[in-house]
Every structure is written in C-alpha cells, then in structure tokens.
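[1] Attaching a predicted model along with its sequence, questions to come.
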Amino acid sequence: MIDSMSAFERVKLARHLERPYTLDFVERLFEDFVEVKGDRRYAEDPAIVCGFARYHGAPVAVVGQQKGRDAKQRRYRNFGMTKPEGYRKALRVMQLAEKFGRPVLTFIDTQGAYPGIDAEERGQAEAIARNLFEMSRLNVPVVAVVIGEGGSGGALAIGVADRVLMLENAVYSVITPEGCAAILFKDSAQAPRAAEYLRLTAPELSAAGIVDVVVPEPEGGAQLDHDGSARLLDVALGEALQSAAALAPEDRLERRYRKLRALGRWDTLAQ
C-alpha cells in the first residue's frame, strides 16, 4: 500500500499529527539530553530544539525542528517554522560542538522558515545563509535526517551535512506543493499535480543523489509505531555517523563541498 502511494499522499503522511517529531526521537535515541536555549542575541525560539546528549555513549550535539500536536503546542512551536533567533541558536550549538569535537546530528521537519515581517526585520535570510556557510565548514561529522517535511531554506539551514538520511514517507522540496501550485497553476488546489512535478519523495531524491539513505518505516508509516521507527532510524543513523567519522577532517570537508556542488544538476532527472 505504501509503495503505491502518490507523491501528495506521502506529503499528507509526512504532515500526520501523530508522526514522531524531533523530541520523540531524542527520547528514544539519546541519553542525558541537555537542552540549550536562546541565541544570546534576541530570544528563545521553541520551533527548534538544540542541545547536547550521548548517542550510544558518545557525546553529540542535537539540533531539530519541533512541531506541536495540539493547538496549544502548535502555537508555542510556531508550527515548526523557525525564526532567525532559532537558526542562530542552532548555529551557536554547532559552533560549541565544533569547539569540543562533537558530531552534529540534525532532524529536519518544517514546511519552511517563518515568513513573517518580524522575522525578515531580524534578518531571516541572513541567518539561513550564515548557517549554510558555517555548516559547510564544520570540521566535525554532520549527519542530517529528514523526518517529516523538509521545506526550502528553512530545512536547508540545518541540512548541510556529510550524510543526509530521509525517512521513507518524509518529503523534501524547495517549496510546498500548495505554494508551487499557486505559482505555476494559479490554483493551490492543484497541489497533488505539483507534488508529482516537484519530485519530493525519498526514492526520487535518493535517485537524484540529494539524499544518501532512505530509512524504512514500520508498516503503515512511522505515525503508527514511534518505537519501531526509532529502531530503524537508529541503525541507519549509527552507520552514517560511523561513515562520516571515519574520514579525516580535510577529506570530510572536501567530500561535503563536492556533495554541495553536485546539487542542482536537475538534468540528471530528465526522462
């Protein structure tokens, strides 16, 4: 059933309210998690969770976007849409990880960065660009996982990594299908059609070389079994981290650079 789903059906599954979020994976995969809050410049942004923990006994830094399930939590987490202070908080933690030699693990789950005027006034674009630049230069291993939605620059701001993993029913795209349909077809109701054009599913992105590993989900989807989903992700995450950590820093940076430069070769998808 899962294999026969359309692209837009996967979008809806990626947005499922019972799907495991960052904190669900933190609870199941990490020990001794200590959250770090605030960007030391403006405010705390609950849409992104950052901190330090142990992964199978080894110290790591964890950064992930966090949505909410009920109305109160969704408002508090701003529906997972990160503001500039959130990206600056993430960068603060990644720079600390660099200082102390800890690998960085990121969990991507957002429709996009918060588009409000207040965010633009505080430098949303600059904050995203700064993260892209700084993540490309981190000497420590970086592994990113798309666990739900990966939307545009809001996702890329924590997605520059040595290895990019993606859950089987997650999606990753430059824009939401609704936004794409509104631009291309002047009708957001054409979102299912736009989803097919965007090639946003895990198998398609893996074939294009944008995603390194497609992580299987429990039968029926991750929303049905958080524990099982965490176990499957644990295997892939451990292998990806070991692979990245095995490289010398200069080799890791060179490969990361080549990986980034290879993105956007859309003609490789031509039929």
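    Here it is on my side, so go on. All values derive from a computational prediction rather than experimental measurement.

[2] helices or strands up against the longest strand seen in the chain?
    Criterion DSSP state E: the longest strand present in the chain is strand 142-151. Secondary-structure packing of strand 142-151 (3 or more Cβ pairs under 8 Å, 6 or more residues apart in numbering; DSSP states H and E): helix 7-14, strand 104-110, strand 163-167, strand 171-173, helix 226-245. The C-beta positions use only the backbone N, C-alpha and C, and glycine is treated the same way.

[3] Which parts of the chain are helices?
    7-14, 22-29, 71-76, 84-100, 117-121, 124-135, 152-156, 177-184, 191-198, 202-207, 226-245, 249-262 (DSSP state H).

[4] Any idea which of those helices gets closest to V63?
    For V63, the closest of those is helix 84-100, at 4.7 Å, according to Cβ to Cβ.

[5] May I see the buried residues of that closest one?
    Neighbour counts over helix 84-100 (16 or more other Cβ atoms under 10 Å) mark 84-94, 97-98 as buried.

[6] Next one: the nearest residue to R75 once chain neighbours are set aside, what pLDDT does it get?
    Using Cβ to Cβ, 6 or more residues apart in numbering and skipping the chain neighbours, the partner closest in space to R75 is G68 (7.3 Å). Looking at G68, its pLDDT reads 92.

[7] Would you mind confirming that G68 makes contact with R77?
    Yes - taking Cβ atoms under 8 Å as the definition, G68 is a contact partner of R77 at 4.2 Å.

[8] list the contacts for the closest residue to P203 other than its chain neighbours?
    The shortest distance from P203 to any non-neighbouring residue, by Cβ to Cβ, 6+ apart, is to V214 (6.4 Å). If a contact means Cβ atoms under 8 Å, 6 or more residues apart in numbering, then V214 has 165-168, 202-203, 206 as its contacts.

[9] Straight-line length of stretch 151-169, end to end?
    Terminal residues of stretch 151-169 lie 14 Å apart, using Cα to Cα, to the nearest Å.

[10] Next: stretch 25-42.
    End-to-end for stretch 25-42, by Cα to Cα: 28 Å.

[11] buried sites along it?
    Those would be 25-26, 29-30, 33, 36, 39, for stretch 25-42 by 16+ other Cβ under 10 Å.

[12] Let me have those residues in a markdown table, extended by distance to L241 and pLDDT.
    Shown next, in a markdown table, are the buried residues of stretch 25-42 (distance: Cβ to Cβ, whole Å; pLDDT from 0 to 100):
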| residue | distance to L241 | pLDDT |
| --- | --- | --- |
| F25 | 14 | 98 |
| V26 | 15 | 98 |
| L29 | 11 | 98 |
| F30 | 12 | 98 |
| F33 | 16 | 98 |
| V36 | 20 | 97 |
| D39 | 26 | 93 |
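
[13] Among the residues you listed, which pair sits farthest apart?
    Maximum pairwise distance in those, criterion Cβ to Cβ, is 25.3 Å, between L29 and D39.
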